[in-house]
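**Q** Following is a predicted model, sequence given first.
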Amino acid sequence: MIKTKLKLTMSGLAFMLGMSALAPDYFAVTSAAHAAEWHEGGTLHQATALEWQQASHANKLATAADIITDASAKARLRPELQKTVTTGPDSYFPLAHGLVKGLDAAFLPDPDPAANRAMFIDQKVSETMAQLMEAMGWLQ
């Protein structure tokens, strides 16, 4: 049931993320975040959705950056995105920001703690990010 719910909402998330990657709100992150190397230090690669829900925005953003650069290093990104990533961290910040927004939406906490735990205990950040990237057409 959990995976079904995720799959049903994946196309909607893909649309939302496609739009959010182009939206100007990614500039809302302060310049201090950029100065602190926003793309480094992510620790959520093997985390569950429950851990994602509790993590800081900075950790989420750095983890998304790691996932994107890993896909780039493995030549899994579409060529136009590959060029964006190799240009440097500031050029792929909108992509990382879009992934964070997508995972935040996919892992939106249920108000009932027991239901939230049951729904998200087995969902992995890396798997869901890969599904989002695939649904958005970012991967080859």
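**A** Here it is on my side, so go on.

**Q** Now Pro109: which helix or strand?
**A** For Pro109, there is no helix or strand it lies in under DSSP states H and E.

**Q** what are the bridge partners for the residue lying closest to Met133 once chain neighbours are set aside, then?
**A** Counting by Cβ to Cβ, 6 or more residues apart in numbering, Leu139 is the residue found nearest to Met133 once chain neighbours are left out, at 5.4 Å. C-beta coordinates here come from the backbone N, C-alpha and C atoms, glycine included. Beta-bridge pairing for Leu139 (DSSP bridges): Leu77.

**Q** and Leu139, how many neighbours does it have?
**A** Neighbourhood size, Leu139 [other Cβ atoms under 10 Å]: 14.

**Q** Give me the number of neighbouring residues for the residue nearest to Ala47 when sequence neighbours are not counted.
**A** Of all residues not flanking Ala47 in the chain, Val125 sits nearest, at 4.7 Å (Cβ to Cβ, 6+ apart). Val125: 25 surrounding residues under other Cβ under 10 Å.

**Q** Got the confidence number for Val125?
**A** pLDDT recorded at Val125 is 97.

**Q** hang on, it packs against Thr48?
**A** Yes - Val125 lies in contact with Thr48 (Cβ atoms under 8 Å); the separation is 7.2 Å.

**Q** Quick test: name the residue nearest the centre of this structure.
**A** Leu99 (2.6 Å; Cα atoms, centre = their mean).

**Q** Skipping its backbone neighbours, what lies nearest it in space?
**A** Spatial nearest neighbour of Leu99, excluding adjacent residues (Cβ to Cβ, 6+ apart): Ala64 at 4.0 Å.

**Q** The one you found and Ala114: what is the separation?
**A** 29 Å (Cβ to Cβ, to the nearest Å).

**Q** What backbone torsions are found at the residue lying farthest from the centre of the chain?
**A** Ranking residues of the chain by C-alpha distance from their mean position (Cα atoms, centre = their mean) puts Ala114 at the top, at 24.8 Å. With angles defined as degrees, to the nearest 10, Ala114 sits at phi -70, psi -40.

**Q** Next one, pLDDT for it please.
**A** For Ala114, the predicted pLDDT is 98.
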